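Chemist: Sequence and predicted structure are below.
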Amino acid sequence: MNILVVLAHPSDTSFNRAIADAVTGVLRGNGHRVVFHDLYAEGFDPLLARGEDARDAALDAVVANHCAELSAADGVVIVHPNWWGQPPAILKGWVDRVLRPGVAYEFEEGDNGEGVPVGLLKARAAVVFNTSNTPPERESQVFGDPLQLLWKNCIFDLCGVKRFCRRMFGVIVTSTPEERRQWIEEAKGLVGEVFPAA
């Protein structure tokens, strides 16, 4: 299978990077072809240019390449921190520029965008790993877990990816090395279950 892994964290020594490296290793060990993008390291430009949102817009080579890789993916893994209940801006910009009409979704004939889009992604499953400094109970009870709603309901479900798994690790700032080791093993186990050996 072709698996697209996207990391969005500015530090190459972050726990997010450790998660991305660990799950990428599992995927490759299971015989999958992995395309890996560290958006910060690559300097991905998150700004959607005027007119680029049109279905027939001319895309720069970087965005066109990301679109082709997403279209070819049988699975998607996203790794990012929870910042104010949202992904980092660089990842939001990646979504804006890459999950575009004609690539990730389209509207039915005669629909001007007021209806529910038809998903175009061929990916069978998506896995999202987040880190947070908010306790899970507070995230769910007070904030309504906005990242779950965003990734599952607003993005992957509408783009045709029906199997969705997400795991939030935290509280990161007070975590011990042993907790982090356990979380890495949990991330490896989850991605190995969703994308087993080919």
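Modeler: Good, I have the coordinates.
Chemist: Quick one: find the helix or strand in the protein with the lowest mean pLDDT.
Modeler: helix 136-141 (a mean of 70; mean pLDDT, DSSP states H and E).
Chemist: which residues are contacting that one?
Modeler: Residues from elsewhere that reach helix 136-141 (Cβ atoms under 8 Å, 6 or more residues apart in numbering): N82, S132, D145, M168, G170. For glycine as for every other residue, the C-beta is placed from the backbone atoms N, C-alpha and C.
Chemist: got the buried residues for the helix or strand I3 falls within?
Modeler: Secondary structure assignment for I3, by DSSP states H and E: strand 2-7. For strand 2-7, the neighbour count (16 or more other Cβ atoms under 10 Å) marks N2, I3, L4, V5, V6, L7 as buried.
Chemist: Okay, now the sheet partners of that strand, with direction.
Modeler: Looking at strand 2-7 with DSSP bridges, its paired strands and their directions are strand 33-38 (parallel), strand 75-81 (parallel).
Chemist: Greatest separation within the contacts of helix 136-141: which pair is it?
Modeler: Greatest spacing in those, by Cβ to Cβ: D145 and G170 (12.4 Å).
Chemist: Have a look at the two and say which one is more surrounded.
Modeler: G170 (20 against 17; other Cβ atoms under 10 Å).
Chemist: check contacts around H66.
Modeler: Shown in contact with H66 (Cβ under 8 Å, 6+ apart): H37, W94, R97, V98.
Chemist: now do 6 Å
Modeler: The contact partners of H66, by Cβ atoms under 6 Å, 6 or more residues apart in numbering, come to V98.
Chemist: That one - that's part of a helix, no?
Modeler: Yes - with DSSP: H, G, I helix; E, B strand; the rest coil as the criterion, H66 is assigned to a helix.
Chemist: I'd like the numbering to begin with 177 instead of 1 from here.
Modeler: Done: numbering now begins at 177, and the last item shifts to H242.
Chemist: Against V182, how distant is it?
Modeler: Per Cβ to Cβ, to the nearest Å, H242 is found 9 Å from V182.
Chemist: for this protein, longest helix please?
Modeler: helix 353-370 (DSSP state H).
Chemist: on contacts alone, who are the packing partners of that one?
Modeler: helix 191-205, strand 301-307 (3 or more Cβ pairs under 6 Å, 6 or more residues apart in numbering; DSSP states H and E).
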